[in-house]
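# What follows is a predicted protein model with its sequence.
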Amino acid sequence: MIETGAAEPTVALRHASFRRYLLARIFGMVGFQMQGVAVGWQVYELTHRPLDLGYVGLAQFLPSLLLALVAGDVADRFERRRLLMVCYGILACCTGALAAIASLPTPSVGLIYGVLVVVGIGRAFAGPAAQALVPNLVPTEHFPNAVAWSSSVWHVAVVAGPALGGAVYAASNSRTVYLVAALLQLVALGAIGLLPIPKVLPRTEGGSWRRLLAGIEYVWRQKVILGAISLDMFAVMLGGAVALLPVYAKDVLHTGPTGLGLLRSAPAVGATLMSLWLAFRPIERRTGLVMFAGVFVFGLATIVFGWSKRYGLSLVALTLLGAADMISVFVRSTVVQLATPDDMRGRVAAVNLAFIGVSNELGEFESGVTASLLGTELAVIVGGVGSCVVVLAWMALFPALRRIDKLDVASLRAP
């Protein structure tokens, strides 16, 4: 097992501040996932073009990429709890704006993209602050357990959010979905406000450019971190079938908004089950090899989903895909946080989130472009094959990542 310094699998939940953080995380993510279902279905209904679903991801990704260094520096210079409250407030306002757009006689896709750009800005600053805050809420020896529970709660929200969003959309309309999502995001804002100010406060050092580039320099030096986050970036970017789920739901599997919500929830079901397993039975030995195996299974499951014409088989493939990806998420999250000093965590988290943004939002754009060129089903299959090839290449390029056995703070921070 990854040594956590605690025998009990629920040890991180003893800390009240961490429980409040989880409450904010689940409400905020349920709201965001509901918003995602509504945006995807609404945009595809308005345009009937897979490429426009790619633009949904691109509109949110570009601000995150352009502001990554600044957002990381801000998370290391200012009080992270208050920064998160501002970000949640912005995201709730954006969801309200989407509800207003949905109320128009003819909703504008351009206006939707404009609001999503602001969503991307809010997420750009919220991500590093949230990641850097968690190690201040629990003792270091309890952190791997906190990663498992944080991932579990996150994926429960990813399960509930799309399913709830699809059900509300089917029973009412997109405007109602957005209003419910905005309310949940406001609840998350309130939960963040209940967190105590961290005992370890961010600090600054050096000139502005030195501060901005410090995260990149640190990740480049720490090859284990570089290998872990780049593996996830390329594998998930190529295997990103989620962006095309509205096309599959409508044109391949012939289901409606409720079916789309369940499809979007399926990866999170698998991830939730896997994260709970990891909370009670953490990876004990050969952590690096287990991570590579998980990403390879992720690619295989993507291939099965791309080939499937049956709704049940597609749900199973997406569930397996999510479970396999969770193994990579767990190892990567633990490595990045334990290998990084607290005063650097915001900037390193920003680099990590920029890589994740490439894999998710830019991956959605790549999926939309590839689907427009090759067709939806072939694009997903080719992407899954690409993910498997990336695993084999990264095993050769990053032997230190492959050789990770147990996770140890001292060895992970070695120069």
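Looks like it came in fine. Numbering: from 1, shown residues only.
# which residue is nearest the middle of this protein?
residue 356 (6.9 Å; Cα atoms, centre = their mean).
# So that residue: helix, strand or coil?
Under the three-state scheme (DSSP: H, G, I helix; E, B strand; the rest coil), residue 356 adopts helix.
# Now do the contacts for it.
229, 232, 233 (Cβ atoms under 8 Å, 6 or more residues apart in numbering). Where you see a C-beta, it was placed from the backbone N, CA and C, and this is true even at glycine.
# Could you check the lengthiest helix in the chain and say which residues are buried?
In the chain, ranked by residue count with DSSP state H as the criterion, the top helix is helix 16-47. Judged by neighbour count using 16 or more other Cβ atoms under 10 Å, the buried positions of helix 16-47 are 17-18, 20-44.
# The residue lying closest to residue 353 once chain neighbours are set aside and residue 135, how far apart?
Distances taken as Cβ to Cβ, 6 or more residues apart in numbering put residue 127 closest to residue 353, at 4.3 Å, once the chain neighbours are dropped. From residue 127 across to residue 135, the span is 15 Å (Cβ to Cβ, to the nearest Å).
# which of those two has more neighbours?
residue 127 (25 against 20; other Cβ atoms under 10 Å).
# got the residue ranges for the helices in the stretch 251-400 of the chain?
Secondary structure of the stretch 251-400 of the chain (DSSP state H, counting those that start in this stretch): helices at 257-280, 287-307, 311-338, 345-357, 363-374, 376-397, 399-402.
# what mean pLDDT would you report for the fifth one?
So the one you mean is helix 363-374. Across helix 363-374, pLDDT averages out at 70.
# For the residue nearest to the centre of the chain, give its distance to residue 323.
Residue 356 is 18 Å from residue 323, by Cβ to Cβ.
# try residue 160
In terms of Cβ to Cβ, residue 160 sits 17 Å off from residue 323.
# Specify which residue of these two has the higher count of neighbours.
The neighbour comparison of residue 160 against residue 323 (other Cβ under 10 Å) goes to residue 323, with 23 against 19.
# Skipping adjacent residues, who's closest to the more buried one in space?
residue 270 is the one closest to residue 323 (Cβ to Cβ, 6+ apart), at 3.5 Å.
# For the one you found, give me its contacts.
Contacts of residue 270 by Cβ under 8 Å, 6+ apart are 318, 319, 320, 321, 322, 323, 324, 326.
# go on, residue 350?
Residues near residue 350 by Cβ under 8 Å, 6+ apart: 68, 69, 71, 72, 73, 75, 127, 128, 215.
# C-alpha coordinates for the strand or helix carrying the fifth one, PDB please?
For residue 73, the enclosing helix or strand under DSSP states H and E is helix 68-77. Output for helix 68-77, consisting of C-alpha atoms alone and laid out as PDB, is shown next (Å, rounded to 0.1, in the frame of the first residue of the first chain):
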ATOM      1  CA  ALA A  68      -2.200  29.300 -16.100                       C
ATOM      2  CA  LEU A  69       1.000  30.900 -14.900                       C
ATOM      3  CA  VAL A  70      -0.700  34.000 -13.600                       C
ATOM      4  CA  ALA A  71      -3.400  31.900 -11.800                       C
ATOM      5  CA  GLY A  72      -0.700  29.700 -10.100                       C
ATOM      6  CA  ASP A  73       1.200  32.800  -9.000                       C
ATOM      7  CA  VAL A  74      -1.900  34.300  -7.500                       C
ATOM      8  CA  ALA A  75      -2.700  31.100  -5.600                       C
ATOM      9  CA  ASP A  76       0.800  31.300  -4.000                       C
ATOM     10  CA  ARG A  77       0.600  35.000  -3.200                       C
END
